[in-house]
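> sequence unknown, structure follows:
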């Protein structure tokens, strides 16, 4: 997939990934060592009432699902950033995540004719189709003719 | 540290963390399996000219450094989101990261008197004091009297 394969309005959906308690705790211990991410007993006493995934774990799971769903291995030149990362609902152990993506903007680079910028809105839903998180990301992709 | 310990204008700095090639590749293989994150030879041929850390690896390293620098273990109630995540310069294997943080807004919750919201701008710098990445995050913290 190149820049030209991501026109405005294009949508796509990913596969699913279930987050186990073990995965949530392992991620938390490495990156986000707060009680409600790493300690089931403490999590039950917290405002969340149970073990929840780090918001970064949710976003990375979504990003991984979108990488699997979109073959950018030839064209990706990285990303200048993300905007508006929202953690809307807790993601509990055993929840299954999937992503719905939509291209919201696409423009060729003015200074470098070999590439373009594509903005994508990513909505992350759980097994009950509840929106749990979302983010907006810009991708720099090679143009097909480059 | 509670809500009251994070007034607008407060700044703080973290310790440092050096990202090794092995750590960059391990993170990439798990979460961001693009050639310039996981394959030194392919990375040399890429636009980056060498192995670079996943942007998520950079942000998580910064987040981890800030967790270590600020004792929120009693007061953190999570985060509703992040804004304006910027990947400004590549982070290469061997680069050493540190974070400078500044509180940009603080307001008590209107509906729940036990908590408040604190906005923090995080600037991530390398060993040459170059700004490589930044992000803005909102934290929900318990109030001291709660």
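Okay, I see it. Small disclaimer: the values here were computed from a predicted structure and weren't measured.
> okay, CA-based contacts and neighbour counts for the rest of this
Will do.
> Is residue A:123 in contact with residue A:133, as I believe?
Yes. Counting by CA atoms under 8 Å, residue A:123 touches residue A:133, with 6.3 Å between them.
> These two: which has the busier surroundings?
residue A:133 (25 against 21; other CA atoms under 10 Å in any protein chain shown).
> ok, the nearest residue to the more buried one once chain neighbours are set aside to residue B:143 distance?
Spatial nearest neighbour of residue A:133, chain neighbours left out: residue A:87 (4.6 Å); criterion: CA to CA, 6 or more residues apart in numbering or on different chains. To residue B:143, residue A:87 is 21 Å away according to CA to CA, to the nearest Å.
> which one of the two has more residues nearby?
residue A:87 (23 against 20).
> quick one, what contacts the more buried one?
Listed by CA atoms under 8 Å, 6 or more residues apart in numbering or on different chains, the contact partners of residue A:87 are A:55, A:132, A:133, A:134, B:79, B:80, B:81.
> ok, now how distant is residue A:38 from residue A:124?
From residue A:38 to residue A:124 the distance is 22 Å (CA to CA).
> Same question for residue A:131.
6 Å.
> Run through the helices of chain A in chain order.
Applying DSSP state H to chain A gives helices spanning A:21-31, A:35-38, A:40-45, A:55-69.
> where does chain A dip in pLDDT?
For chain A, the stretches flagged by pLDDT under 70 are A:73, A:146.
> which one is residue A:118 nearest to, not counting chain neighbours?
residue A:106 (4.4 Å).
> wait, doesn't the one you found sit right on residue A:116?
Yes. With contact defined as CA under 8 Å, residue A:106 reaches residue A:116; the gap is 7.2 Å.
> Write out the residues of chain A neighbouring chain B.
Counting by CA under 8 Å from any CA of the partner chain, chain A comes close to chain B at A:31-32, A:34-35, A:47, A:56, A:60-61, A:63-64, A:67, A:73, A:76-77, A:79-88.
> Using ChimeraX, make a named selection holding only the buried ones among the residues you listed.
Applying 16 or more other CA atoms under 10 Å in any protein chain shown to these leaves a buried subset, and the ChimeraX line that selects it is:
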select /A:31,32,34,35,56,60,61,63,64,67,76,77,79,80,81,82,83,84,85,86,87,88
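> related to what we said a few turns ago, tell me which of the helices of chain A sits most buried.
Mean neighbour count, computed with mean count of other CA atoms under 10 Å in any protein chain shown, is highest for helix A:35-38 among the helices of chain A, reaching a mean of 26.
> Identify all contacting residues around that one.
Contacts of helix A:35-38 (CA under 8 Å, 6+ apart): A:24-26, A:28-29, A:42-44, A:46, A:48, A:50-54, B:73.
> One more: stretch A:42-51?
Contact partners of stretch A:42-51, identified using CA under 8 Å, 6+ apart, comprise A:21, A:24, A:35-41, A:52, A:90, A:92-93, B:77.
> one more time with 6 Å, if that's ok
Under the criterion CA atoms under 6 Å, 6 or more residues apart in numbering or on different chains, residues A:35, A:36, A:37, A:40, A:92 lie in contact with stretch A:42-51.
> Against chain B, how distant is the nearest residue to residue A:109 once chain neighbours are set aside?
Nearest residue to residue A:109, sequence neighbours excluded (CA to CA, 6+ apart): residue A:116, at 4.9 Å. Note on residue A:116: its distance to chain B, by CA to the nearest CA, to the nearest Å, is 14 Å.
> who's in contact with residue A:116?
A:3, A:107, A:108, A:109, A:140, A:141.
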